[in-house]
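Asks: I need the structure of the sequence given here:
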Amino acid sequence: MANQTAQRMRYAADNAYSGVIVFDGVCRLCNGWTRFVIRYDRQKQFRLAPAQSPAGQALLRRFERPTTDFDSILYVEHGRAYDKSDAVLRILRRLGLPWSLLYVGRLCPRILRDALYDLVARHRYRLFGRYDYCTLATPDHDRRFLHDTD
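Replies: Numbering: from 1, shown residues only. Reported below is the predicted structural model:
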């Protein structure tokens, strides 16, 4: 009985953070990605957390990811964390048509997908720029962001 209660509690905690995207809040490319997700997430199934925020830091620690060097987005779905190309493809799949069609990219070997992801990530500040501080959500998008009290 106690074991079942613990499993239910773990399941509830895992699902509380399902659909959370942790991103580099000072990266212009990453901020553009989050605006894209907000625009096309008509079902409002995703929550966002800058990696530099307390909520983002807590999720990075929970999934044993670096808390100072943000070289990949982290996507949490049903208690599992995905990064790099797997994260992007899983997010696109959940956005619906036409974006979900890009999930066919899973057919490409992960080593190749992640090599391309790493190449862009390594040069993202030089190519796209960087903010001096973590940008804040606009008031109409604020409810989409995971806050410290969530």
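Asks: which residues in this protein form strands?
Replies: With DSSP state E as the criterion, the chain has strands at 20-23, 47-50, 74-77, 80-83.
Asks: turn those strands into JSON lines, including mean pLDDT, distance to I91 and mean neighbour count.
Replies: Just so you know, the C-beta spots here come from the backbone N, C-alpha and C atoms, and that holds for glycine as well. As requested, those are exported to JSON lines (pLDDT from 0 to 100; distance: least, CB to CB, whole Å; neighbours: other CB atoms under 10 Å):
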{"stretch": "strand 20-23", "mean pLDDT": "93", "distance to I91": "7", "mean neighbour count": "26"}
{"stretch": "strand 47-50", "mean pLDDT": "90", "distance to I91": "11", "mean neighbour count": "25"}
{"stretch": "strand 74-77", "mean pLDDT": "94", "distance to I91": "6", "mean neighbour count": "22"}
{"stretch": "strand 80-83", "mean pLDDT": "94", "distance to I91": "9", "mean neighbour count": "16"}
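Asks: distance to L102 for those - can I get that in a markdown table?
Replies: Formatted as a markdown table, those follow (distance: least, CB to CB, whole Å):
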| stretch | distance to L102 |
| --- | --- |
| strand 20-23 | 16 |
| strand 47-50 | 20 |
| strand 74-77 | 15 |
| strand 80-83 | 15 |
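Asks: how about these, which one is nearest L92?
Replies: Nearest to L92 among the strands of the chain is strand 74-77; the distance by CB to CB comes to 10.6 Å.
Asks: list the neighbouring strands of that closest one plus their orientation.
Replies: Strand pairing for strand 74-77, using DSSP bridges, gives strand 20-23 (antiparallel), strand 80-83 (antiparallel).
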